[in-house]
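**Q** Sequence first, predicted model second:
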Amino acid sequence: MSKPTLMYFPLRARADNLRALLHVAGVEFEDKHVTFEEWPALKAQQPFGQLPVLKDGDVTIGQSNAIARYLARKHKLYGANDAEQVQIDQVVEHTRDMLDAVVKLIWGNESFEADAKAFIADKLPGLLAPFSKWIAANGGSGFLIGSSLSYADIEAWHVLNNFVAPFKHVNDGADVFPADVAAYLDRVRAVPAIASFAASSQAKVTMPALPAVKFLNNESQFA
């Protein structure tokens, strides 16, 4: 059987969680990067005219959330039972809300600098508070749900690391996370498969270098 192919742009954006799921599962796959110049010719061939797309044997999936859940289920990263699975779903839905809030803030916002500081002071603490509760409820020193790394942690890592952590650069260099969330993120970053992926093949930026995108599209913001 041929190895799976994940097709996306050379960005973290909507695919770093998928790449990380495959790395954590130990799956050899083709990480096919599509350039913006190549994309118009490929668009009509995709299930929904968008990326990412996963091809895994006879299965082709064209929605990022569906791809993530497919990989999590297939590779036993979706909790040990129904109770854990629904808790994982809650984490995932919350991380998607965070991601959407960040994208709304940075896309086409000519007052980004001022609005980013307001976001850090007023909105971000409320978005991070559930993570503190999940961390504490699961013992305070491990992962979010259950006794081992799960889909919830990979989604949390994706959004916290790729969309939220860089906001320190508009926060006078200060970390935007409370201590417990910062420690949790460091634990996930230290998972060998995550650390190896980040060091060897992770895309350099989250968002594209377009005039409308005001942040997360410069390598210096990820230092």
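**A** Everything's here; your move.

**Q** And the contacts of the helix or strand where residue 182 lies?
**A** Using DSSP states H and E, residue 182 maps to helix 179-189. With contact meaning CB atoms under 8 Å, 6 or more residues apart in numbering, helix 179-189 is reached by 128, 131-132, 135-136, 140-144, 149, 153-154, 156-157, 160-161, 165, 175, 177, 194-195, 198. Quick note: C-beta positions are derived from backbone N, CA and C, even for glycine.

**Q** repeat that with 6 Å
**A** Here helix 179-189 makes contact (CB atoms under 6 Å, 6 or more residues apart in numbering) with 128, 131, 132, 135, 153, 157, 160, 175.

**Q** between those, which has the most around it?
**A** residue 153 (26 neighbours; other CB atoms under 10 Å).

**Q** Check which helix or strand it maps to.
**A** helix 151-159.

**Q** what's the closest non-adjacent residue to the spatially most central residue of the chain?
**A** Geometric centre of the chain, nearest residue: residue 158, 2.5 Å, by CA atoms, centre = their mean. With sequence-adjacent residues excluded and distances taken as CB to CB, 6 or more residues apart in numbering, residue 158 is closest to residue 17, at 3.9 Å.

**Q** how much space between the one you found and residue 84?
**A** Residue 17 sits 18 Å away from residue 84, going by CB to CB, to the nearest Å.

**Q** Give me the more crowded residue out of the two.
**A** The residue with more neighbours, out of residue 17 and residue 84, is residue 17; 28 against 16, by other CB under 10 Å.

**Q** in which helix or strand would I find the more buried one?
**A** Using DSSP H and E, residue 17 falls in helix 16-24.

**Q** Distance from the chain centre to whatever helix or strand comes next after that helix, please.
**A** Once helix 16-24 ends, the next helix or strand along the chain (criterion: DSSP H and E) is strand 30-33. Distance, stretch centre to chain centre, for strand 30-33: 17 Å (CA atoms, centre = their mean, to the nearest Å).
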